[in-house]
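Trainee: coords please:
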Amino acid sequence: MSAKKLFEVMIGALLYLLVTLLWFAYAFPEMLDHGTDAALITAGFGTMVWLCATGCIVIYIIQKARP
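Mentor: Numbering: from 1, shown residues only. I've put the predicted structure just below:
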């Protein structure tokens, strides 16, 4: 694997982990504490978007690993 490709993979993994930590440690709990309908809908929608993105990443990795 070239250094450029390794750098791209590591930056992508770091970005994914950073977004995940920010969502579940900062934004999501604040929305639940706020308690309004809009905040709860936003929290649910954001979690669904995160789950879909995670699924897409997993599918992409599995497809790339096949010979």
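Trainee: buried ones in the one helix or strand in the chain whose mean pLDDT sits lowest, by neighbour count?
Mentor: Least confident helix or strand, the chain: helix 28-34 with a mean of 89, by mean pLDDT, DSSP states H and E. Across helix 28-34, burial judged by 16 or more other Cβ atoms under 10 Å covers 28, 31. Where you see a C-beta, it was placed from the backbone N, CA and C, and this is true even at glycine.
Trainee: which elements pack onto the next helix or strand after it?
Mentor: Next helix or strand after helix 28-34 toward the C-terminus (DSSP states H and E): helix 37-65. Secondary-structure packing of helix 37-65 (3 or more Cβ pairs under 8 Å, 6 or more residues apart in numbering; DSSP states H and E): helix 3-22, helix 28-34.
Trainee: for K64, find the nearest of these.
Mentor: helix 3-22 (10.7 Å; Cβ to Cβ).
Trainee: and the closest one, C-alpha only, in CSV?
Mentor: The C-alpha atoms that make up helix 3-22 are tabulated as CSV, following Å, rounded to 0.1, in the frame of the first residue of the first chain:
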residue,chain,number,x,y,z
ALA,A,3,2.0,6.1,1.6
LYS,A,4,-0.7,8.3,0.0
LYS,A,5,-3.3,5.6,0.2
LEU,A,6,-2.4,4.7,3.8
PHE,A,7,-2.6,8.4,4.7
GLU,A,8,-6.1,8.7,3.1
VAL,A,9,-7.3,5.6,5.0
MET,A,10,-5.9,6.8,8.3
ILE,A,11,-7.4,10.3,7.9
GLY,A,12,-10.8,8.8,7.0
ALA,A,13,-10.8,6.6,10.0
LEU,A,14,-9.8,9.5,12.3
LEU,A,15,-12.5,11.7,10.8
TYR,A,16,-15.1,8.9,11.3
LEU,A,17,-14.1,8.4,14.9
LEU,A,18,-14.1,12.1,15.6
VAL,A,19,-17.6,12.6,14.2
THR,A,20,-18.9,9.5,16.1
LEU,A,21,-17.4,10.8,19.4
LEU,A,22,-18.8,14.3,18.9
